[in-house]
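In: predicted model and sequence below, questions to follow.
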Amino acid sequence: MEKILRVQPNVRQLYLLIKAEDESCAKRRLKEEILCSALFECLRSRHGQDYEAFMEQKISVVVGDMTKEMLAMDPSTYTSLATKLDVIVNSAATTSFDER
């Protein structure tokens, strides 16, 4: 996500699937766990005071779960995204180190 926004700043929109209780929790996770990380320092420097506004304009949070059918989305949200998306990048992972 960082590299896409850094090298292709004119990308229209990124949809970020986040597992959370609701949209407000997902947005909080995005801000606290992702956008504040050191990984985004280059974009923070480039955009300065406009960093948060730039990120809010480019990133849409979608609440869902990769392990569930239709990503645990209601049918209208799922269908809407399916008609909008050109590329999907899967960065989901498990942190269970003893999985079969």
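Out: That came through, no problem.

In: surely residue 15 meets residue 62?
Out: Yes. At 5.2 Å, residue 15 counts as touching residue 62 under the criterion of CB atoms under 8 Å. Bear in mind the C-beta positions are built from the backbone N, C-alpha and C, glycine included.

In: quick one, which of the two is more surrounded?
Out: residue 62 (17 against 13; other CB atoms under 10 Å).

In: list the residues that contact both of residue 15 and residue 62?
Out: residue 81 (CB atoms under 8 Å, 6 or more residues apart in numbering).

In: per-residue pLDDT of residue 32, please?
Out: Looking at residue 32, its pLDDT reads 93.

In: quick one: the helices in this protein, in order.
Out: Secondary structure of the chain, counting by DSSP state H: helices at 2-7, 23-29, 41-47, 51-58, 75-84.

In: residue closest to the middle of the protein?
Out: With distances taken as CA atoms, centre = their mean, residue 16 lies nearest the centre of the chain, 2.2 Å away.

In: who does that residue form a beta bridge with?
Out: In this entry, residue 16 is beta-bridged to residue 61, by DSSP bridges.

In: let me see the contact set for it.
Out: By CB under 8 Å, 6+ apart, the neighbours of residue 16 are 1, 30, 59-62.

In: how about stretch 29-48, which residues are buried there?
Out: For stretch 29-48, the neighbour count (16 or more other CB atoms under 10 Å) marks 29-30, 34-35, 40, 43-44, 47 as buried.

In: repeat for stretch 61-76
Out: Applying 16+ other CB under 10 Å to stretch 61-76 flags 61-64, 71, 73 as buried.

In: how far does that stretch sit from the chain's center?
Out: Distance of stretch 61-76 from the chain centroid (CA atoms, centre = their mean, to the nearest Å) equals 13 Å.
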